[in-house]
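>>> Quick one, fold the following:
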Amino acid sequence: MMRFLLFVVVIGLLSGCSSDKSQYYQENNPYKEFESFDEFRQTLDEMARVRDSKMRDSLLNLFWDSLSVNHKIPFVLDTSVCFLYRGDAKEVSWIGDFNAWNSDDKYYRGNEIRGTDLWILEKNYDNEAKFDYKVLVNKSETMVDEQNPRQHFNGMDTVSELHMPDWENTTSFIQNSDVAKGSLSEGSIIKSKVANSKYSVQYKVYLPSNYEKLQNLPVMYIIGGTDYLNEYRGNMKLVLDHMIAKELIVPIITVFIDTPNLEQQSGNEIDAKWSGDVEFINLISNELVTYIDSKYKTSVDQSQRALLGAGAGGFAAIDIVLQKSTVFGMVAAQSPQVDVSTIRKLGKPEKLPIKFYISCGTYYDNLENVQLLRDVLIYKGYPLNYNEFKGAPTWSIWRTQLEPLLKSFYRNPV
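Purely as a prediction, here's the structure:
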């Protein structure tokens, strides 16, 4: 197995190559693969021990260029990670999903390699993990990792991505191919008919392609619909278009629910305090569902209706379905902020006709309560698809769960 060997670089430097080592690197490319993380770390230590500063800088430049061109920054091998940054700085840290974006986390401060401008941070993560992150320089300047080509805009900011070796992107089936596209309605508002009610919701309706030729379609209602539709978050219309066109799922109608006047509000406007309110639950399960069934070619079978939400919206989705199991037969909750009192409702003797999809992250998520929820569902014999992912509760991961989530409810039998 070929690997980075310092003596190869040293021989090249001593053989009279020009002061611009970029051409030498292009012709020789000494880096291929390290056999172990210890070998990688030993290479850094050996460079730091070179006494001649010009030689040390030349070696470091070649080493850095080699890692960069081969897309090895951060350097990842098995469960080990070495974050790397070069530049004149007094302090360098890394912030991201792995430490809840805590800029004061002393355990994520880098160490400067002696005699160089190279800063490193060594960590270990699950080999299936994925994290968004940025580099924090001198406690004030945050930046993407410019040497890492994996970057994306999350709707607010551009961030870098760390993929561990066994991370799997389940949305890889989505390509730029031209597929038949469904339609998405303009936003409409439905207000509760209950006297003096404070509740109203805005909704948009997705209809699959060839809707006019279809009948008795399943319906998925989604709490926090704006986030699920946002191209930098759920991007769910694109997901639906591709999954239906590729016959991964049967055609479905999807109703994206939010509060009105979102431009005057922030975040997921249907949060935990909505959960448990009888007026809100009736507005969704009775008035909105009844209206959608009257206007569109839906299946009126309870087993064909699902409710989906993430975070607080996932909590609300579970609570609503538990109280309205005659209306909804399926519920999907991504990282639900579920509490023990809601879980206790499932411990009642009566088993309800509900199928569940539940996901939760192992970093900074509601893991203990969600694992309890999982155990109760299994004990009671509920149909359950449970996904415990190695990461934090973010849209960059929730988005990748949409394919298995939709398949768990609407898989195309052909």
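
>>> Using the record's domain definitions, break the chain down for me.
6-163, 183-410 (automatic domain parsing).

>>> Quick check: mean pLDDT of the shortest one?
Which is domain 6-163. Across domain 6-163, the average pLDDT comes to 85.

>>> Next: the last one.
Averaging the model's pLDDT scores along domain 183-410 yields 90.

>>> and it, how far apart are its ends?
Using CA to CA, to the nearest Å, the end-to-end distance of domain 183-410 comes to 19 Å.

>>> Which stretches in the stretch 1-150 of the chain count as strands?
Here the stretch 1-150 of the chain has its strands, by DSSP state E, counting those that start in this stretch, at 75-77, 80-86, 92-96, 111-112, 118-124, 130-137, 141-143.

>>> Kindly reformat the ones you listed as TSV and extend each row with mean neighbour count.
(C-beta placed from N, C-alpha, C; glycine too.) Shown next, in TSV, are the strands of the stretch 1-150 of the chain (neighbours: other CB atoms under 10 Å):
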stretch	mean neighbour count
strand 75-77	18
strand 80-86	22
strand 92-96	24
strand 111-112	13
strand 118-124	17
strand 130-137	23
strand 141-143	13
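
>>> Tabulate those (JSON lines), appending distance to residue 317.
Shown next, in JSON lines, are those (distance: least, CB to CB, whole Å):
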{"stretch": "strand 75-77", "distance to residue 317": "35"}
{"stretch": "strand 80-86", "distance to residue 317": "35"}
{"stretch": "strand 92-96", "distance to residue 317": "28"}
{"stretch": "strand 111-112", "distance to residue 317": "45"}
{"stretch": "strand 118-124", "distance to residue 317": "34"}
{"stretch": "strand 130-137", "distance to residue 317": "24"}
{"stretch": "strand 141-143", "distance to residue 317": "34"}
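
>>> and of these, who's closest to residue 168?
strand 130-137 (9.1 Å; CB to CB).

>>> what's the longest helix in this protein?
Identified as the longest helix of the chain according to DSSP state H is helix 53-69.

>>> Now do that one against strand 118-124, angle only.
Put simply, helix 53-69 runs at 50 degrees to strand 118-124, going by axes from the mean of the first three to the mean of the last three CA atoms, to 10 degrees.

>>> Run the chain-centre distance for helix 53-69.
Distance of helix 53-69 from the chain centroid (CA atoms, centre = their mean, to the nearest Å) equals 34 Å.

>>> So which elements touch it?
Packing contacts for helix 53-69, counted by 3 or more CB pairs under 8 Å, 6 or more residues apart in numbering; DSSP states H and E, involve helix 6-14, helix 22-28, helix 37-48, strand 80-86.

>>> That one to helix 37-48, inter-axis angle?
Using the same axes, to 10 degrees: helix 53-69 against helix 37-48 is 150 degrees.

>>> Now do the buried residues in helix 53-69.
By neighbour count with 16 or more other CB atoms under 10 Å, helix 53-69 contains the buried residues 56, 58, 59, 60, 62, 63, 64, 65, 66, 67, 68.

>>> Give me the distance between the two termini of stretch 294-309.
24 Å.

>>> Pull out the buried positions in it.
Going by neighbour count (16+ other CB under 10 Å), the buried part of stretch 294-309 is 298, 299, 304, 305, 306, 307, 308, 309.

>>> The residues you listed into JSON lines, with extra columns for secondary structure and distance to residue 321?
Below are these laid out as JSON lines (DSSP: H, G, I helix; E, B strand; the rest coil; distance: CB to CB, whole Å):
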{"residue": "298", "secondary structure": "strand", "distance to residue 321": "17"}
{"residue": "299", "secondary structure": "coil", "distance to residue 321": "17"}
{"residue": "304", "secondary structure": "helix", "distance to residue 321": "14"}
{"residue": "305", "secondary structure": "strand", "distance to residue 321": "9"}
{"residue": "306", "secondary structure": "strand", "distance to residue 321": "9"}
{"residue": "307", "secondary structure": "strand", "distance to residue 321": "5"}
{"residue": "308", "secondary structure": "strand", "distance to residue 321": "10"}
{"residue": "309", "secondary structure": "strand", "distance to residue 321": "10"}
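
>>> Show me the two of those residues that sit farthest apart.
Taking CB to CB, no two of the buried residues of stretch 294-309 sit farther apart than 299 and 309, at 21.2 Å.

>>> my guess is residue 363 meets residue 391, correct?
Yes. Residue 363 is within contact range of residue 391, at 5.9 Å (criterion: CB atoms under 8 Å).

>>> can you list contacts of stretch 321-328?
With CB atoms under 8 Å, 6 or more residues apart in numbering as the contact definition, stretch 321-328 has outside contacts at 221, 281, 285-286, 289, 302, 305-307, 320, 330-331, 342, 345-346, 352-354.

>>> Give me the buried subset of those residues.
By 16+ other CB under 10 Å, the contacts of stretch 321-328 give 221, 281, 285, 289, 305-307, 320, 330-331, 342, 346, 352, 354 as buried.

>>> which two from those residues end up farthest apart in space?
Maximum pairwise distance in the buried ones among the contacts of stretch 321-328, criterion CB to CB, is 22.4 Å, between 289 and 346.

>>> Return the set of buried residues in the one helix or strand residue 403 maps to.
Taking DSSP states H and E as the definition, one finds residue 403 inside helix 402-410. Across helix 402-410, burial judged by 16+ other CB under 10 Å covers 402, 403, 405, 406, 407, 408, 409, 410.

>>> repeat for stretch 43-52
Going by 16+ other CB under 10 Å, stretch 43-52 has these buried residues: 43, 44, 47, 50.

>>> For the last one, which non-adjacent residue is closest in space?
So that's residue 50. Ranked by CB to CB, 6 or more residues apart in numbering and with sequence neighbours excluded, the top spatial neighbour of residue 50 is residue 56, at 4.1 Å.
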